[in-house]
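# Just need the structure, nothing else, for what follows:
(chains A and B)
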2 protein chains.
Amino acid sequence: MEYNIVAKEIAQKVFKDSGLPNIGKASIREIKKLVDNLENASKVKFVRMEMGIPGLPPAQKGVEAQIESLQKGIASLYPDIEGMPILKQEISRFVKNFIDIDVNPKNCIPTVGSMQGAFASFLTCSRVNKEKTTTLFIDPGFNVHKLQNKVLGIPMETFDVYEYRGEKLRDKLESIFKTGKIHSVLYSNPNNPSWVCFTDEELKIIGELATKYDVIIMEDLAYFGMDFRKDYSHPGVAPFQPSVAKYTDNYILLISSSKAFSYAGERIAMMVIGDKLAEREYPDLKRYYSSTKFGYTMIYGTIYPLSSGTSHSAQYALWGILKSVNDGEYNFRDDVIEYGKKAKLMKEAFIANGFEIVYDHDLGDPIADGFYFTYGYPGFGGAELLEEMLYYGISAISLDITGSTRQGIRACTSLIQREEIPVLAERLALFAKDHPLK
Amino acid sequence: MEYNIVAKEIAQKVFKDSGLPNIGKASIREIKKLVDNLENASKVKFVRMEMGIPGLPPAQKGVEAQIESLQKGIASLYPDIEGMPILKQEISRFVKNFIDIDVNPKNCIPTVGSMQGAFASFLTCSRVNKEKTTTLFIDPGFNVHKLQNKVLGIPMETFDVYEYRGEKLRDKLESIFKTGKIHSVLYSNPNNPSWVCFTDEELKIIGELATKYDVIIMEDLAYFGMDFRKDYSHPGVAPFQPSVAKYTDNYILLISSSKAFSYAGERIAMMVIGDKLAEREYPDLKRYYSSTKFGYTMIYGTIYPLSSGTSHSAQYALWGILKSVNDGEYNFRDDVIEYGKKAKLMKEAFIANGFEIVYDHDLGDPIADGFYFTYGYPGFGGAELLEEMLYYGISAISLDITGSTRQGIRACTSLIQREEIPVLAERLALFAKDHPLK
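From the prediction side, this is the model:
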């Protein structure tokens, strides 16, 4: 190590003080804190790619509607547990316009972020059938979803989808569903961290098997419309955001407003339950709830006791955003496509310096440019590489903590500024100088 | 029935259409819906006392601070999971100023309403010791707290405190704690629905036994400072809001901003964990969490996966309110005391017409005037009375659904307007005419 820009002694002291047993395997928030401390101690401003947080201003239509509602005094009024009727209407329009599915507004529910949506879904789904005990994750994924199951004491299974794309997915899923113990499946599409996007063929396989084995699919659409190879942003016009909702009735969609609308601060998201699933009776729910109807139980049995609904003014914000998006007045893709443009430039800098993209293909195609990408360096494990790159002022998180079976690192494209990309390139070059490839 | 103002046939059709098996035992939200339908069908505007929702405008300092934060663009920024540092500081000041206790800001945490605070507390407390399985409720109480335990599968015990006031409380509590199965106790003070307020002697008993039997006390201060017999509203000046925090280290305070600050819409509350409890190590937490430290586990193990923190702008709102309250600029009691004034007039109308206050005494004193009161009518059970009074355009909820062992009805004083009180009195007189006392 010769060309590092953070002094070895300084970094190692910060590492030691952190008390972390393995720097490279630290959680996102632990890395964040560590890098804050490294920046303070070294006076080096890091190229920060660890946090998946928006790097854009919030959707203006949301801010305006939220402020207006507060001026009218809604802060004193409990929100409707089911969500504001006008918001439910716009959510229903939104999924019609952009996924091309029909869902009754009754089954379109605002939640305190998709985090609450997922927590509520795991809790409710784990109670529908006493024979079905286990959640399946199609990994890699967002590790807090696993934390949610752990704290609730729900058993989990997982597999890394990269080895099971296309028709291979059918056999893999069927072998697990056949055990009869899976109540629900969660995956993110586009995938965090690999940015792999399921095709309609794959979603059809998932949907068919969900129906055949009576399993509920929780589709996490946190990065809605952000597979920038396609333009899913015109209301009512194909192509539409691909979704399992086209292929089974057993679905819950979790649509975040954090990334697509840069509205992470207000903790407001949409949960969309397929109409038939919502009306479905599950007698085993009686063990924990007063009702056996899935949709009613989700709202009054789970969401109500979780937080008594979702911030009233944030509901107005989401209503304002969705209305303008549904009316074709605001194209959210025009804002967030900047993430994809930065991803392209960043990946070029990595590759030019001997790095490799870990999840490099999406079936036959090169992986899309988006909110995340993954990288590795020959001869390095992921955790090891993460720690080593901190000496060069570059931070991210290891794939080890995402359920991935592959060695590498996840980079988020959101916070880095255009003018920092040359700085990143320079630091990558310094790293490469110190670690010449054979 | 002769003087009823809702026609019998109309009411009975609405009752039948509701599908409710027992009108008098319906939940708050079911009653609300039923009365909406009764109003529509009969064109009679009801005197509505069922919902415990604020009837005042939101605290202006909150609205101002919230709007200002939105104008600055905070809607795109994820809130800190632990809460904003400036808010944590003001919560710490608030409990010092108004309860006279010292709590490190680190252990002062904003939550998505006290609903989330209670849910998170039940979940975490039920994991601290594998021998301790059960939550104890000092009833009567808010029935959603029980729903929270039911959905989580946590066993519960309860008793009605009215028979165990003063020193009697010690024996009762000790007999339950001795079983060794109680991990935590929840009560509301002032009590919903009875408006009974624990004395310092009683809180001392609870605190001493919590320490002796290593039980965690969850004190729900939803109606903070609203025992209007005392004035707890001057920062740093006695008398202070009585709290178990004075008498044990094992406490979690849940302080809502819905009632005291009329900020129900934004789902923002305070969870305050005693410093020693927060630092306490519970090895059994390892079964469900990565840490064994109580405070860390509460924040990063429970609150984080529940909703990834609390609305950023709502945190600014609460900060704005608390700062002005702490600085002595805003006296929240001056606003909410209106509830107490209405309670006095309403109770007079009930008593003048032959009704009785069910929870009529608070140890030696008459019950305070506040947000709730309870009433009954000779010869009627609670559920039966509730249903009968609907014919006279008066709605409320039955004590049956609150864990009370007594027969009667809970009335909330918040929504009724001053000019409606004579209307209430007139309708009570009509009811009394139809149901003459022997």
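# Need phi/psi at A:Tyr372.
phi -130, psi 150 (degrees, to the nearest 10).
# With A:Ile273 instead?
The phi/psi pair for A:Ile273 (degrees, to the nearest 10) reads phi -100, psi 130.
# How about A:Glu82: what's its closest non-neighbour residue?
Computed as C-beta to C-beta, 6 or more residues apart in numbering or on different chains, the closest residue to A:Glu82 that is not its neighbour in sequence is A:Ile299, at 5.5 Å. (Each C-beta comes from the backbone N, C-alpha and C, glycine too.)
# ugh, typo on my part, it should be A:Leu209
A:Leu173 (5.1 Å).
# do the longest helix seen in chain A and chain B meet at all?
Taking DSSP state H as the criterion, chain A has its longest helix at helix A:332-352. No: residues of helix A:332-352 contacting chain B under C-beta under 8 Å from any C-beta of the partner chain: none, with a closest distance of 10.8 Å.
# What are the buried residues along that helix?
Going by neighbour count (16 or more other C-beta atoms under 10 Å in any protein chain shown), the buried part of helix A:332-352 is A:332-333, A:335-337, A:339-340, A:342-343, A:345-347, A:349-350.
# want to try CSV for these, with pLDDT as columns?
Shown next, in CSV, are the buried residues of helix A:332-352 (pLDDT from 0 to 100):
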residue, pLDDT
A:Phe332, 96
A:Arg333, 96
A:Asp335, 94
A:Val336, 95
A:Ile337, 96
A:Tyr339, 96
A:Gly340, 96
A:Lys342, 97
A:Ala343, 96
A:Leu345, 97
A:Met346, 98
A:Lys347, 97
A:Ala349, 97
A:Phe350, 98
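# returning to that earlier point: kindly confirm my reading that the residue nearest to A:Leu209 is in a helix.
Yes: the assignment for A:Leu173 is a helix, going by DSSP: H, G, I helix; E, B strand; the rest coil.
# you'd agree it is up against A:Leu203?
No: the criterion here is C-beta atoms under 8 Å, and A:Leu173 misses it with A:Leu203 at 11.9 Å.
# State the distance spanning the first to the last residue of stretch A:162-171.
Chord length of stretch A:162-171, first to last residue, is 14 Å (C-alpha to C-alpha, to the nearest Å).
# Please point out which parts of it sit buried.
A:Tyr162, A:Tyr164, A:Arg165, A:Leu169, A:Arg170.
# For it, the averaged confidence score.
The average pLDDT within stretch A:162-171 is 93.
# one step back: okay, A:Leu173 and A:Leu203: which has more neighbours?
A:Leu173 (25 against 22; other C-beta atoms under 10 Å in any protein chain shown).
# just to revisit the earlier point, got a list of what the residue nearest to A:Leu209 touches?
Going by C-beta atoms under 8 Å, 6 or more residues apart in numbering or on different chains, A:Leu173 touches A:Val185, A:Ile205, A:Ile206, A:Leu209.
# From the residues you listed, which land in strands?
A:Val185 (DSSP state E).
# Most widely separated two among the contacts of A:Leu173?
Farthest-apart pair in those is A:Val185 and A:Ile205; separation 11.9 Å (C-beta to C-beta).
# Distance from stretch A:160-170 to the middle of the chain?
20 Å (C-alpha atoms, centre = their mean, to the nearest Å).
# swap in stretch A:61-77?
With C-alpha atoms, centre = their mean, you get 28 Å for stretch A:61-77.
# before we move on, what about stretch A:404-421?
15 Å.
# what comes up buried for that stretch?
Buried-residue list, stretch A:404-421, by 16+ other C-beta under 10 Å: A:404, A:406-416, A:420-421.
# same check, this time on stretch A:76-85
Neighbour-count burial for stretch A:76-85 [16+ other C-beta under 10 Å]: A:Ser76, A:Leu77, A:Tyr78, A:Pro79, A:Asp80, A:Glu82, A:Gly83, A:Met84.
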